[in-house]
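Engineer: Show me the folded form of this:
(one chain, ligands or ions: 2)
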Amino acid sequence: MEEEDDCPELVPIDNPSAPATEQIPVTIISGYLGAGKTTLLNYILTEQHNKRIAVILNEFGEGSALEKSLAVSHAGELYEEWLELSNGCLCCSVKDNGLKAIENLMEKKGKFDYILLETTGLADPGAVASMFWVDAELGSEIYLDGKRIAGGRPGSEIKCCLMSLSSFRQIAVADLTIINKTDLVNEEELAQIRAAVRSINGLVKIIETQKSKVDLSEVLDLHSFDHKDGANLAEKLQLVKATKPHLDKSILTVTFEVAGEILEDTLNVFIQDLLWEKMFKNKEGQPMTVIRSKGIVAFPGKAHQVMLQGVHELYELNEMPQLWGDNPRINRLVFIGEDTHVTPEFFKSSGLCEAAQAEYSMNNKA
Ligand SMILES: Nc1nc2c(ncn2[C@@H]2O[C@H](COP(=O)(O)OP(=O)(O)OP(=O)(O)O)[C@@H](O)[C@H]2O)c(=O)[nH]1
Ligand SMILES: [Zn+2]
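Structural biologist: Ligands and ions are numbered 1, 2, ... in the order given. The predicted structure is shown next:
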């Protein structure tokens, strides 16, 4: 990667008044697959706030072409450059890149007011935290997993998602928890989730959102590293220990790459068979449970690329601003979930492609 590629995306300058000596607040955004982290970043970047914000995205998947196109589509024209922090497993490969990226940012401080870092939904928060312990001025973060807190399994009725935000200089716990997708749960379920968050962290600030629409003043100026936190340090560190690592070895990523075009109906039938009917089985005969779907597909006669976004059973297909143009039409689908250790038969029976054209890859190799 070339030096200039290491520069995160910058929002156009409105307010060049940050004192050069001041440290730049770094906020980590973590949350389970599909919780709404990128939605939050996009929202923050497109809102009017007179702040210059650098964003570091960290998306999953080994097909970096897909990741790149997704990142661009997520961000629209605001993203001038793309920083690839890792190609999947944050805990094993992001360490050096991450530190280098932060160092580069430090060199450029004064040029922006905030750094926002999205961790991958599969990241081990402990590893993210230890990566930043190396630098004394950086802190760590806690991870809150909506699925686990609510006691559900992937594919069960838990739809509400938690995201946690923390400052690098904050020690060990989230400063802010966002309960997103409140449109998908009723008041009773919401109250349960709220109570669960409280029971884990009695101090954390809780915000509830739809489509990650937050009051920016609540998110950007956390100032959570003030003195009273020092007194609670021991207690907070215990809380962090009690929070289980998120990395789930049994979660795998299946990647499809199919050249050409896919009929919209064929794709819908396949996705519904996969997500709703649970028709596809892994090598051991267990039905695949998909937690997260993403993709870029080409429909016949459509000049624009179409994006697949899915979380558990919910999915959507949306036309994107990007045109295929002269680029070869290639459908790329990524499914992350449990019991997704599939056989070539899976690709064949999908109706989307011949087995030979597709491949599957494992996530969490470490
Ligand atoms: N119904 C509903 N959908 C939402 C909400 N917020 C985000 N989504 C959708 O959820 C999907 C995932 O959102 P992302 O922002 O990509 O999630 P993420 O946390 O960045 O996902 P990963 O990086 O894959 O872990 C997208 O299709 C969003 O449009 C919400 O409040 N309600
Ligand atoms: Zn994301």
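Engineer: From now on I want contacts and neighbour counts done on CA atoms only, so please keep to that.
Structural biologist: OK.
Engineer: mind checking pLDDT for Ile206?
Structural biologist: Per-residue pLDDT puts Ile206 at 86.
Engineer: Surely it touches Leu176?
Structural biologist: Yes - counting by CA atoms under 8 Å, Ile206 touches Leu176, with 5.9 Å between them.
Engineer: between those two, who's got more neighbours?
Structural biologist: Per other CA atoms under 10 Å, whichever of Ile206 and Leu176 has more neighbours is Leu176, with 21 against 17.
Engineer: how does the chain divide into domains?
Structural biologist: Here the domain parsing of the chain from the TED database is 24-218, 241-350.
Engineer: does the last one come close to ligand 1?
Structural biologist: Yes - when contact is scored as CA under 6 Å from any ligand atom, part of domain 241-350 falls within range of ligand 1: Gln309, Gly310.
Engineer: contacting residues for the residue lying closest to Thr343 once chain neighbours are set aside?
Structural biologist: Spatial nearest neighbour of Thr343, excluding adjacent residues (CA to CA, 6 or more residues apart in numbering): Lys283 at 6.0 Å. Neighbouring residues of Lys283 by CA atoms under 8 Å, 6 or more residues apart in numbering: His341, Val342, Thr343.
Engineer: about what we covered before: can you flag the weakest of the domains of the chain by average pLDDT?
Structural biologist: Looking at these, the bottom one is domain 24-218 with a mean of 56.
Engineer: In strands only, show me the contacts of Lys283.
Structural biologist: In strands, judged by DSSP state E, none of the contacts of Lys283 are found.
Engineer: List only those of these flagged as buried.
Structural biologist: Listed as buried from the contacts of Lys283 are His341, Val342; burial here means 16 or more other CA atoms under 10 Å.
Engineer: For Ser199, state which of the contacts of Lys283 is nearest.
Structural biologist: Lowest distance from Ser199 to these (CA to CA) belongs to His341, with 35.5 Å.
Engineer: Excluding chain neighbours, what is closest to that closest one?
Structural biologist: Spatial nearest neighbour of His341, chain neighbours left out: Asn282 (5.2 Å); criterion: CA to CA, 6+ apart.
Engineer: That neighbour and Val342 touch, don't they?
Structural biologist: Yes - in this structure, Asn282 is within contact of Val342 by CA under 8 Å, at 4.5 Å.
Engineer: rewinding a little: measure how buried the residue nearest to His341 is and give me the count.
Structural biologist: Other residues within reach of Asn282, judged by other CA under 10 Å, total 17.
Engineer: Over to Glu257?
Structural biologist: Count around Glu257 with other CA under 10 Å applied: 21.
Engineer: what sits opposite it in the beta ladder?
Structural biologist: With DSSP bridges as the criterion, Glu257 is bridged to Arg332.
Engineer: Would you agree it is in contact with Asn331?
Structural biologist: Yes - in this structure, Glu257 is within contact of Asn331 by CA under 8 Å, at 5.7 Å.
Engineer: Can you report how many residues neighbour Asp326?
Structural biologist: 6.
Engineer: Dihedrals phi and psi, it?
Structural biologist: Taking degrees, to the nearest 10, you get phi -90, psi -10 for the backbone angles of Asp326.
Engineer: Against Glu47, how distant is it?
Structural biologist: Distance of Asp326 to Glu47, given as CA to CA, to the nearest Å: 33 Å.
Engineer: go on, Glu188?
Structural biologist: For Glu188, the distance to Glu47 - CA to CA - is 31 Å.
Engineer: Specify which residue of those two has the higher count of neighbours.
Structural biologist: Under the criterion of other CA under 10 Å, the comparison of Glu188 against Glu47 puts Glu47 first, with 13 against 9.
Engineer: That one and Leu40, how far apart?
Structural biologist: Noted for Glu47: a distance of 11 Å to Leu40, by CA to CA.
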